[in-house]
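[1] Need a 3D model of the sequence below.
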Amino acid sequence: MQNFRERLHEIRAFAFDVDGVCTNNTVLINENGLLLRNSNTRDGYAIHAAIRNNFPVAIITGGRTQSVAERFKALGVQDIFLGVNDKTIAFNTFINKYNLKPKDVLYMGDDWPDYDTLQLCGLPTCPADAAREIQDIAIYISPFKGGEGCVRDVIEQVLKVQHCWGKLESAGQ
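    Numbering: from 1, shown residues only. Model prediction:
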């Protein structure tokens with residue numbers, strides 16, 4: 001069985017949950033009932049870098065907030081699944097669109113709704129503050145919490161191993 005570092009070489013795509021992964025677990029509600037989330041700009045930079053290096057990226061969330069979709073669209077994410085009850089269905093839609101196998105995808109989730117998808121993907125990962133059950137099945141637990149750099153951590157590792165990290169920026173693109 002391959003270890004985490006060996007699997008990084010085989011990753012061709014990324015998929016992420018939102019709340020607790022791309023954002024911390026704090027959700028504020030403003031006076032108009034809008035949900036406000038806190039995200040890390042370095043995570044956003046890494047997502048954009050992955051896309052610029054031709055890695056498909058999916059966002060798969062049970063949340064329905066349109067502002068979440070707008071944030072990821074601005075980063076170049078084309079595959080955004082909102083209001084998902086069964087994340088494995090969205091995951092399979094994503095991999096079929098790009099002719100991928102589950103083993104080609106690094107997925108990061110943090111709680112029970114991600115459990116089945118983490119079991120299905122090739123490289124199950126989670127943030128440092130993920131639920132214990134999720135940490136138990138993850139191949140890699142980022143030292144960073146959700147919304148505090150865990151997404152950047154895993155993307156950067158894959159891109160560095162595959163000699164893509166910083167490639168476009170250093171070329172002036």
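
[2] The protein: strands as residue ranges?
    Along the chain, counting by DSSP state E, strands occupy 13-16, 23-29, 35-39, 57-60, 79-81, 105-108, 123-126, 140-141.

[3] quick one: contacts for the closest residue to residue 42 other than its chain neighbours?
    Excluding its sequence neighbours, the residue lying closest to residue 42 (C-beta to C-beta, 6 or more residues apart in numbering) is residue 152, at 4.7 Å. Just so you know, the C-beta spots here come from the backbone N, C-alpha and C atoms, and that holds for glycine as well. Neighbouring residues of residue 152 by C-beta atoms under 8 Å, 6 or more residues apart in numbering: 40, 42, 43, 45, 46, 144.

[4] and if you look at residue 126?
    Shown in contact with residue 126 (C-beta under 8 Å, 6+ apart): 21, 108-110, 114, 118, 134-135, 138, 140-142, 150.

[5] okay, now the closest residue to it other than its chain neighbours: neighbour count?
    Distances taken as C-beta to C-beta, 6+ apart put residue 138 closest to residue 126, at 4.4 Å, once the chain neighbours are dropped. Around residue 138 sit 22 other residues, with neighbours defined as other C-beta atoms under 10 Å.

[6] Also residue 99?
    Counted with other C-beta under 10 Å, the neighbours of residue 99 add up to 8.
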